[in-house]
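Q: Have a look; sequence and predicted model below, questions after that.
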Amino acid sequence: MKIMSTYLPILIASIAVFSVIVIILAISGAKRNVQAQNAGNGKGNRRNAQKSRQNIIRDATKKLAQDPHNPQGLIPLANLYYEEQLWDKAYPLYDTMLSIAVAHPQINSQEAALRQGICATKIGKYEEAMKGLIQAYKMAGDSFEVNFYLGQCYYQNKDYDHAIPLLRKAITINKEIPETYRFLGMALYSFHNCKDSLPYLKKALDITPDDKELLFCMADAMNETGRGEQALKIFMHLRPDPKFGAKSCLSAGIIHTGQNAHEKAVQDFEIGLKHADAPLDILTNIRYRLAHEYLQASDMSKALTVLKEIQSTSPGYKDVPALINRYSELNQNSNLRTYMIAGSSDFTALCRKIVSVYYGKAYVKILDIQATAECTEIQTEVETPKWEDSVIFRFYRTNGSTGELFVRDFHARLRDSKTGRGICFTSGVYTEEARKFIEGRPIDLIDKTGLIKILNKIDTKMPAVPGV
C-alpha cells in the first residue's frame with residue numbers, strides 16, 4: 001500500500017499530461033482539416049468564377065457572331081468587362097448598346113449611356129464620351145457620376161465654362177471624391193479664375209501632395225492674386241523638376257526681375273535652360289529674358305550669344321534680329337556703346353569729348369550743360385583761327401527717327417538764347433521733313449553714320465573739355 005500511495009500522484013500527473021497532448025494533437029489536426037477544406041473551397045470558388053467568366057464570354061461571343069446587336073450577348077459581356085475595369089473592351093459594347101437601346105427595351109438606356117461615357121473617358125476618348133454622358137445627364141442630372149464625368153470631359157476638351165458648374169454640382173452631391181477637387185481647381189485656374197481656384201487646388205494638394213502640376217498651378221494662381229513671395233518659394237522648389245522645372249524657372253525669374261534682383265533672375269533663367277527637353281516656346285522665352293538680364297548687366301557678349309541662339313531656333317522672334325544688329329555694333333565699338341547705353345555721367349563725359357573734337361584744333365570752352373530725359377545739351381564758345389561763335393550741341397540717344405518737331409524746338413532754343421550755331425546729334429536718323437527744315441538755318445544734323453565717324457576719332461583715355 002505504501003508503494004501504491006507513493007506512485008499514485010505520479011501516475012495521475014502522467015495521465016493528465018498525456019490527455020493534454022492528445023487534445024492538442026486533435027485540435028491541430030482539426031485546424032489543418034479546416035484549412036485544407038477552406039483552401040479547397042477557395043480553389044473551387046476561383047475555378048467556378050473562372051468557369052463562369054469563360055461561359056459568359058463564350059456564350060456572348062457566340063450570340064454576337066450571329067447578331068452583333070444581340071442584347072443577350074451585349075449586356076452580360078459588357079457588364080463583365082465593366083466590372084473588371086477593362087474599359088477598352090467594355091466601351092465598344094456599351095457604345096453599340098447605346099445606339100440600339102431605343103429598339104431594345106431590355107437595355108437600360110440610362111446605364112448604357114453613363115457607362116459608355118465612363119469607359120470612353122477612361123480610355124481618353126473625350127469627344128466620344130460626350131455622346132453618352134449628355135444623354136445620361138438628361139435622364140439623371142443629379143447623379144454624381146454623371147456630373148463628375150461630364151465635367152471631366154468638358155475640362156479635357158478645354159470647355160471650362162461648361163466644366164465648372166458640373167464639377168461644382170458633383171462636389172455638392174459627394175464631397176468625398178478627391179479627384180473632383182482637382183478637376184474643379186484646374187478648370188477654374190485654366191479659366192483664369194485664379195482666386196476661386198486656390199481653395200480647390202489646396203484641397204486637392206492636401207490629398208495628393210506629390211502632384212507637381214497642382215503645385216505649379218497653385219503657385220501661379222498665388223502669383224496672379226498678389227501673393228508673389230509665397231509663389232516664389234514654390235517656383236524655386238520646383239526648379240529641378242523634369243516636367244515643371246523650366247516653367248517654374250521662368251516664373252521665378254520674372255518675379256526676381258520685378259524685384260530688381262537681377263543676379264537671382266539670371267540664376268533662375270540659367271537653371272531653366274538646363275531643362276533642354278522643355279517646350280521650345282518656354283525655352284525661347286527664358287532665353288529672351290536672360291538676354292535682357294545680360295544687357296542690364298552690360299554683358300553684351302553673353303547677351304549676343306543667347307540672342308543668336310534664339311534666332312537659330314525661333315527665327316524672327318519679337319525684336320531679336322534688331323537687337324542682334326544693334327548690340328553686335330555696340331559690342332565692337334565701346335564709344336558707341338557708351339553713347340547708347342551708358343549711365344548719364346559716362347554719357348555726359350563722352351559728349352564733352354565729342355564737343356572737343358568736332359571742330360578739330362579749335363579752342364572750345366563749355367559754358368553750361370543741361371541733361372533731361374529727352375536729350376543732353378552743351379552750350380559752348382568756340383574759337384578757331386578763322387572765326388569764333390557760340391555753339392549749342394544737342395545729343396539724342398534714340399534709335400528711331402528724329403522728326404521736324406524736335407529740330408524746330410532746337411531752332412527755337414538757339415533763337416531764344418541768341419546762339420550763333422547748333423549741332424544736333426542722334427544715334428538714329430532724321431526725317432526728310434527735319435532735313436528740309438534746316439535749309440538756310442544755322443543747324444547741322446549729325447545722324448548715326450556721322451556720329452560713328454566722330455566717335456572713332458575719340459580716344460577713350462583722352463581728357464574731357466574744360467568748362468562747367
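A: Thanks, I have it.
Q: Please count neighbours and contacts with C-alpha atoms only from this point.
A: Fine.
Q: Could you report the distance from Met222 to Asp196?
A: 11 Å (Cα to Cα, to the nearest Å).
Q: ok, now Thr449?
A: Taken as Cα to Cα, the span from Thr449 to Asp196 is 57 Å.
Q: same check, this time on Glu377
A: When Glu377 is compared with Asp196 (using Cα to Cα), they lie 55 Å apart.
Q: do Lys131 as well
A: 30 Å.
Q: Give me the below-cutoff pLDDT ranges for the protein.
A: For the chain, the stretches with pLDDT under 70 are 1-49, 51, 460-468.
Q: where along the stretch 101-250 of the chain do the helices fall?
A: 109-122, 126-139, 144-156, 160-173, 178-190, 194-207, 212-224, 228-238, 245-258 (DSSP state H, counting those that start in this stretch).
Q: starting at the chain centroid, how far to the last one?
A: For helix 245-258, the gap between its own C-alpha mean and the chain's C-alpha mean amounts to 9 Å (Cα atoms, centre = their mean, to the nearest Å).
Q: more crowded one of Met222 and Asp196?
A: Met222 (21 against 14; other Cα atoms under 10 Å).
Q: so how many other residues sit close to the closest residue to the more buried one other than its chain neighbours?
A: Distances taken as Cα to Cα, 6 or more residues apart in numbering put Ala231 closest to Met222, at 5.7 Å, once the chain neighbours are dropped. Residues lying near Ala231 (other Cα under 10 Å) number 26.
Q: May I have the residues that are in contact with Ala231?
A: Counting by Cα atoms under 8 Å, 6 or more residues apart in numbering, Ala231 makes contact with 218-220, 222-223.
Q: Just the residues contacting the helix or strand hosting Leu451, thanks.
A: Following DSSP states H and E, one finds Leu451 within helix 448-455. Helix 448-455 has contacts (Cα under 8 Å, 6+ apart) with 335-336, 354, 357-358, 425-429.
Q: Can you flag which of those belong to strands?
A: 425, 429 (DSSP state E).
Q: any idea how far the residue nearest the centre of the chain lies from Asn285?
A: Central residue of the chain (Cα atoms, centre = their mean): Lys247, 4.1 Å from the mean position. Look at Lys247 and Asn285: by Cα to Cα, they are 10 Å apart.
Q: got the contact list for the nearest residue to Pro178 once chain neighbours are set aside?
A: Distances taken as Cα to Cα, 6+ apart put Ala204 closest to Pro178, at 6.3 Å, once the chain neighbours are dropped. Ala204 sits next to 178-179, 181-182, 185, 214 when contact means Cα under 8 Å, 6+ apart.
Q: Kindly provide the distance from Ala204 to Asp210.
A: Ala204 is 10 Å from Asp210, by Cα to Cα.
Q: One more: Ala297?
A: 38 Å.
Q: now Tyr189
A: From Tyr189 to Asp210 the distance is 19 Å (Cα to Cα).
Q: Between those two, point out the one with more neighbours.
A: Just comparing Tyr189 and Asp210: by other Cα under 10 Å the higher neighbour count belongs to Tyr189, 22 against 10.
Q: Let me know whether that one touches Ala221 as I believe.
A: Yes - using Cα atoms under 8 Å, Tyr189 is in contact with Ala221, at 6.9 Å.
Q: joint contacts of the two?
A: Ser197.
Q: circling back to that earlier point, can you report how many residues lie near the closest residue to the residue nearest to the centre of the chain other than its chain neighbours?
A: Using Cα to Cα, 6+ apart and skipping residues adjacent in sequence, the residue nearest Lys247 is Ile282, 6.7 Å away. The number of residues packed near Ile282 is 16, by other Cα under 10 Å.
Q: Can I get the host helix or strand of Ile282 as CSV, trimmed to CA atoms?
A: Counting by DSSP H and E, the element that carries Ile282 is helix 280-296. Taking C-alpha atoms only, helix 280-296 is exported to CSV below (Å, rounded to 0.1, in the frame of the first residue of the first chain):
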residue,chain,number,x,y,z
LEU,A,280,10.6,75.4,-77.3
ASP,A,281,8.3,78.3,-76.6
ILE,A,282,9.3,78.2,-72.9
LEU,A,283,13.0,77.9,-73.6
THR,A,284,12.8,80.8,-76.1
ASN,A,285,11.0,83.0,-73.5
ILE,A,286,13.7,82.1,-71.0
ARG,A,287,16.5,82.9,-73.4
TYR,A,288,14.9,86.3,-74.4
ARG,A,289,14.6,87.4,-70.8
LEU,A,290,18.1,86.1,-69.9
ALA,A,291,19.5,88.1,-72.8
HIS,A,292,17.9,91.3,-71.4
GLU,A,293,19.3,90.5,-68.0
TYR,A,294,22.8,90.2,-69.5
LEU,A,295,22.2,93.5,-71.3
GLN,A,296,21.1,95.0,-67.9
